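Asks: Predicted structure and sequence below. I'll ask about it afterward.
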Amino acid sequence: MKKLLLFLISTVLFVLNGFSQSSDKRVYENEGYELVWSDEFDYEGKPNPEFWKFEKGFERNKELQWYQEENAYCKDGILTIEARKEKKPNPLYSTDKNDWRNSRKSIEFTSSSIQTKGKKEFLYGRFEIKAKIPLAGGAWPAIWTLGTKMEWPSCGEIDIMEYYRIDNKPHILANAAWGTDKRYDAKWKTKAIPFKYFLNKNKDWGNEFHVWRMDWDEHSIKLYLDDELLNEIPLSQTVNGTFGRNLNPFNQPHFLLLNLAIGGQQGGEPDLSAFPMKYEIDYVRVYQQKTSTIKSGKIWPDNNGKHVNAHGGGVLYHDGKYYWFGEHKSENTSAALVGVNCYSSTNLTDWKYEGVALPVSDDPESEITSGCVIERPKVIYNKKSGKFVMWFHLELKGQGYSAARAAVAVSDNIAGPYKYISSSRVNKGFYPIDMSDEVRKIKFEKSMFDKWWTTDWYKAVENGLFVKRDMETGQMSRDMTLFVDDDGKAYHIYSSEENLTLHIAELTDDYTAHNGKYVRVASAGHNEAPAIFKRNGIYWMITSGCTGWDPNAARMFSSTSIWGPWKQYSNPCRGEKSEITFGGQSTFILPVIGKKDAYIFMGDIWKPKYPIDARYIWLPIQFENDIPYIEWIDEWSMNYFDNK
C-alpha cells in the first residue's frame, strides 16, 4: 500500500511538473501558431552571436549610458543586462563638435543593448518575452522592434515594453510609431499606464518575472502584459507620410532589440544607490501562423519571416519539391543588385529561402554586373544532360532597354549556384518558319520606321518590318517564359520586335541555345508577359498589353500546336478589377502535381516606387466549356482543386 501511495504521489508530481513545463512553454498550436525561433539563454557567457549583435557607445535620446558588450551575460538560463556606475574616458570626446555624444568628457554609466538585426528578422507573428525589469530611478528598460527598411521613424517602431518616468511617476508603456511628411517626425499610438495600476494588483510585482507579448498580423498590432491587452494599433492607421513614401512600415520585417538605458530624455534622474541595476530576461520566443492558404496581394512570409522576393518568377517541380525562382527586388530600384533568388516548398504555401541561385557579378565588365536588369528568370531541367538551365531577359547596365537580350546560365544543383554562360539576341540570320518566301522577299524603305501606328505601318510589321531590321543582330527578346513539352522539347517564348510581336523559339537539345526554328504570334498585337500551359492537347497562353508598370487587361490565346496558328480570346479574368488583371501582370502558369486540372495563374503586382514591396497574385485557373478563366479569390488552399 505504501509503495502504491508513493507511486501515485510521484506520478501526480510528474504530471504536474510536466503540465507546469508545458504551460511555461506556452504552446499555441490550437491558435494556429508554431514556434519559429527562440533563445532560452540556457548557456553561459555572452548572448549567442548567431542571434544577437551589440550596439556600442552613446546611441540615442541623450541617454547617460555607454553601451558595451561586457554588460550582457547569460547564466543559469537567464540573460542579464546590467547597468553599472563606472567612470571612463569618452573616446568620442571632442571640443570641435556640438553633438551630445562628443561633448561628454567622461562616461559615467555603462550598460548593454542587443539586437537581432541582420540575423533574425520577422514579418508578423506572436513575440513573447519573459523578463524582470528594474524599477529604480533612471531605469529605462525596453523590448522593441524596428523595421529593416528606411530610416526612423519611417521604418516603424514597436515598443512591446518600455518603463520610464512621466512627470516623475513610473509608467509602463506599449507604443508604435511611424513616419509623417517630415524627416525624423513620428506619429505615435501610445498607451502609458501608471505603474501603481500593476502594484495595486500585486504588491510583489517588481520582484517577479512577467510575460510581454505582441500579436502582429496584416491587420493590427496588439500588445499584452501578462495576457492583459494594453494597446491595439490598427495597421489601417499606420501609413507613413510622404517622407516614408506613403508606405506602411509594419508590412515589412522587423528586428528585435533588448536594452537597458539610463536617464536621458525619459529615464529620469538615476538612483545611484540602485547600481548595479539588473534587467533579467528568461526567454525570447517568436511564433508564426502556419501557412495553409494563399492570399493574393498580401505579404507572403518565407521561413525567415521575410516577404518572398522572387518577382517575375517561375516554378519548377523536381524530386518532390517545388522551386520558385525570381528577381530580387531592392528598395529603391528594379535594377539587379543581388540576382535571382530561389525558394523551395512541398505544399506551395510554406516557402524556404534557399539563397541566391544566380548572383550578379562585382566585375564591372561582366554582362550581369550589379546594376544590370535581370527579369523573368525561369528554370527547366534537362533529363539528358542532368543540368538545370536558367533563361532570363537581360538588359546591360546603363543601356536602358536597348539590349533586349536572352541570357542563359546552368547548374548541377536545382537551387544553384548557376554559372552564367552568355547572352545575345535570338536566332540571328533566321527567318521565322511561318513567314512565306513571298513575304521574305518584301523590302522596306527606311522611312517606314519614321511614322508608327498607321495602316501601312501595321501591315509592314505583319510582313516582318522589325524581323528584317534585326536579321543581322538577332531578334529582340524581353518579357519571357519557358515551356517543356511532353516530348521533352523546350521552347523560349518572348516578346520581340519592339514588344510588338511574340516569338516562340525552339531550344537545342541541351536547352542552352536556340536552333533557329521559331514562329511569330499576334504580329503588331503589342503583347508581353507570356505565360503558357497545356491541357488536353491544347496550348493556352495568357499575356498582357504593354503599358509599362501599369496593369492592363490580360489577353489569351490557344492552339493545338506549339507552332500555331494561335487563336485570340477575350480577357480571361472575370469580376472586379478584371480589366486590370486584378492590379497585376502574368508571370507564369504552374501545374499542380498530383491534382487533376490544377493550374495556378501566377502574377506580380508591381510597385515601381518601392519595388521590394511588390506582391503576388496566385489564383486557380477555372474552366467553363473547356475555356480557361480566372476569378479573384481572397483566400484559398490547394484543397480547392479537390472540391471542384
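Replies: Yep, that arrived.

Asks: so what are the domain limits for this structure?
Replies: 43-289, 290-424 (automatic domain parsing).

Asks: Reformat those as JSON lines; add distance to Ile542, mean neighbour count and mean pLDDT.
Replies: For glycine as for every other residue, the C-beta is placed from the backbone atoms N, C-alpha and C. Output for those, formatted as JSON lines (distance: least, C-beta to C-beta, whole Å; neighbours: other C-beta atoms under 10 Å; pLDDT from 0 to 100):
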{"stretch": "domain 43-289", "distance to Ile542": "28", "mean neighbour count": "18", "mean pLDDT": "96"}
{"stretch": "domain 290-424", "distance to Ile542": "14", "mean neighbour count": "19", "mean pLDDT": "96"}
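
Asks: Go ahead and confirm Ile160 touches His210.
Replies: No: taking C-beta atoms under 8 Å as the definition, Ile160 is not a contact partner of His210, at 11.8 Å.

Asks: Now do the contacts for Glu528.
Replies: Residues near Glu528 by C-beta atoms under 8 Å, 6 or more residues apart in numbering: Arg478, Asp479, Ser495, Asn499, Thr543, Ser544, Gly545, Cys546.

Asks: what two of those have the greatest distance between them?
Replies: With C-beta to C-beta as the measure, no two of these lie farther apart than Arg478 and Gly545, at 13.8 Å.

Asks: any idea how far the host helix or strand of Ile193 is from the chain center?
Replies: Assigned by DSSP states H and E, Ile193 belongs to strand 186-194. Distance of strand 186-194 from the chain centroid (C-alpha atoms, centre = their mean, to the nearest Å) equals 29 Å.

Asks: Strand partners (parallel or antiparallel) of it?
Replies: Paired strands of strand 186-194, with direction, are strand 169-179 (antiparallel) (DSSP bridges).

Asks: hmm, back to that, which of the contacts of Glu528 are buried, as a ChimeraX select command?
Replies: Filtering these down to the buried ones (16 or more other C-beta atoms under 10 Å) takes a single ChimeraX command:
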select :478,479,495,499,543,544,545,546
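
Asks: Show me the shaky parts of the stretch 451-600 of the chain.
Replies: Within the stretch 451-600 of the chain, no stretch has pLDDT under 70.

Asks: what ranges do the strands span in it?
Replies: For the stretch 451-600 of the chain, the strands defined by DSSP state E, counting those that start in this stretch occupy 480-484, 490-496, 501-507, 514-521, 528-535, 538-544, 554-559, 567-569, 573-574, 585-591, 599-605.

Asks: List the neighbours of the shortest one that are in contact with it.
Replies: So the one you mean is strand 573-574. Ala553, Ala554, Glu579, Thr581, Phe582, Tyr629, Ile630, Glu631.

Asks: Quick one, which of those are buried?
Replies: By 16+ other C-beta under 10 Å, those give Ala554, Thr581, Phe582, Tyr629, Ile630 as buried.

Asks: Spit out the contact partners of Asp509.
Replies: With C-beta under 8 Å, 6+ apart, Asp509 has these contacts: Lys384.

Asks: Can you give me the distance of it to Asn515?
Replies: According to C-beta to C-beta, to the nearest Å, Asp509 and Asn515 sit 8 Å apart.

Asks: Could you save the strands of the stretch 451-600 of the chain as CSV and add columns showing distance to Ile612?
Replies: Output for those, formatted as CSV (distance: least, C-beta to C-beta, whole Å):
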stretch, distance to Ile612
strand 480-484, 22
strand 490-496, 25
strand 501-507, 29
strand 514-521, 33
strand 528-535, 20
strand 538-544, 22
strand 554-559, 25
strand 567-569, 34
strand 573-574, 26
strand 585-591, 17
strand 599-605, 12
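
Asks: Out of those, which gets nearest to Gly314?
Replies: strand 585-591 (4.2 Å).

Asks: Give the partner strands of that closest one in its sheet and their orientations.
Replies: strand 599-605 (antiparallel).

Asks: From the chain's centroid, how far away is the strand it pairs with?
Replies: Worked out by C-alpha atoms, centre = their mean, strand 599-605 lies 16 Å from the chain centre.

Asks: contacting residues around that strand?
Replies: In this structure, residues lying in contact with strand 599-605 by C-beta under 8 Å, 6+ apart are 297, 311-315, 348, 531, 533, 535, 542, 551, 581-592, 614-621, 628, 630.

Asks: distance of Arg213 from Val286?
Replies: Taken as C-beta to C-beta, the span from Arg213 to Val286 is 11 Å.

Asks: any residues in contact with both of the two?
Replies: With C-beta under 8 Å, 6+ apart as the test, Arg213 and Val286 both reach Arg126, Phe127, Glu128.

Asks: Which one of those is nearest to Gly320?
Replies: Arg126 (30.8 Å).

Asks: if I look at the closest residue to the closest one other than its chain neighbours, how far off is Gly583?
Replies: Spatial nearest neighbour of Arg126, excluding adjacent residues (C-beta to C-beta, 6 or more residues apart in numbering): Tyr287 at 4.1 Å. Note on Tyr287: its distance to Gly583, by C-beta to C-beta, is 31 Å.

Asks: Over to Leu272?
Replies: From Leu272 to Gly583 the distance is 60 Å (C-beta to C-beta).

Asks: cool, and Arg520?
Replies: Look at Arg520 and Gly583: by C-beta to C-beta, they are 30 Å apart.

Asks: mind exporting stretch 147-162 as CSV, just the C-alpha atoms?
Replies: Output of stretch 147-162 as CSV, limited to C-alpha atoms (Å, rounded to 0.1, in the frame of the first residue of the first chain):
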residue,chain,number,x,y,z
GLY,A,147,11.7,47.8,-39.5
THR,A,148,14.5,46.7,-41.7
LYS,A,149,13.9,49.4,-44.4
MET,A,150,14.0,53.2,-44.3
GLU,A,151,15.3,55.4,-41.6
TRP,A,152,13.5,56.1,-38.3
PRO,A,153,10.6,56.7,-37.9
SER,A,154,9.5,55.7,-41.4
CYS,A,155,11.0,52.2,-40.7
GLY,A,156,8.3,51.8,-38.0
GLU,A,157,8.9,51.2,-34.3
ILE,A,158,7.0,48.9,-32.0
ASP,A,159,7.6,49.2,-28.2
ILE,A,160,6.4,46.0,-26.8
MET,A,161,7.6,47.3,-23.4
GLU,A,162,9.1,50.5,-22.1
